[in-house]
Each structure stands twice: as C-alpha cells, then as structure tokens.
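Chemist: here you go, sequence then predicted model.
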Amino acid sequence: MKTTTFLTFVGDQCGKAKEAIDLYISVFPNSEWKKTIAYTEGEGGGTPELIKFGIFTLNGTEYMVSESNYDHAWSFSPAVSIYIESDSEAELVGYFDKLSGNGGMVMVPFDSYEEGDYGFGKKYGWCQDSYGINWQFLLSE
C-alpha cells in the first residue's frame, strides 16, 4: 500500500497549480515535476490550460495535483497541512519566509514563543501560502 497527498486547486485557486508547484519545486531541494496531463478541449472539469492530473516531488516525496473549474463547495483548509521537520533552523526559516511571503499568511510566527513552549520541538511555525496550502515547520530536537 502507498499513500500520497493529492492537492486539488478549485475556485479562486483553479489555474494557479502550475505556478504554485513551480514555487514549491524552487524552494525545496531534490524536487521536480514528474508528470503533467492537461484536459482536452471540451472535456468536463477543465480546459486545455489546466492540469487534469500531475505528479511532482518535494525533497523526494511524491505528491499529486489537479485543477477543476467545476463549482466546488470546498477548497483548501488549515485543518490539513504539509508538515516539515528539520534540525536546521536556517533552512526552516528560509522555507517559512518564502512560502508565507507574497500574499501568504502567517498562522503562527516561527519565533513567536520561547523554546519549549509547544513541548514537541525547539521552534515551530505555521503559515498558509498565497495559493491556500498550509505548511507547518518544526525545528527538531
């Protein structure tokens, strides 16, 4: 069995998946597009410039992506996030700054508490990028 995170860009985010994934690939090492399939002309759910199905990796971890122009009643939620743990504070701060900038939102500032406050790591931060994807960062002990 294998599990993979699948990101579906809908509503205001539809049409922004390639831009978002290109950003993520530029931020994280060992990352790349693996496969992209576009919708065909007249196909339900999208147009030829949208991603019907895609596979990409972030630091070697595989993710899937799609866009849909149907009127969905949902989008991304802070209840689900991509969690990143590292023992390099500089590395995490760099990721956090790049992903929370340019229209993103800081949910929990990376330096908002004294060491140990959360009880599960040295430092912690949480942000939402400008595409609506949520990211949590933990400086491991």
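Modeler: Noted; the coordinates are in hand. Numbering: from 1, shown residues only.
Chemist: now for the one helix or strand Tyr24 maps to, which elements pack on it?
Modeler: Per DSSP states H and E: Tyr24 is located in helix 17-27. Helices and strands touching helix 17-27, as assessed by 3 or more Cβ pairs under 8 Å, 6 or more residues apart in numbering; DSSP states H and E, comprise strand 5-9, strand 32-38, strand 51-58, strand 61-67, helix 89-100. C-betas here are computed from N, CA, C, even on glycine.
Chemist: which residue comes closest to Lys123 once chain neighbours are left out?
Modeler: Distance criterion Cβ to Cβ, 6 or more residues apart in numbering; nearest residue to Lys123, sequence neighbours excluded, is Leu139 at 4.0 Å.
Chemist: and that neighbour, how many neighbours?
Modeler: Other residues within reach of Leu139, judged by other Cβ atoms under 10 Å, total 19.
Chemist: can you pull up the bridge partners for it?
Modeler: Beta bridges link Leu139 to Ser86, Lys123, judged by DSSP bridges.
Chemist: my read is that it contacts Tyr95, right?
Modeler: No. Assessed by Cβ atoms under 8 Å, Leu139 is found out of contact with Tyr95, at 11.5 Å.
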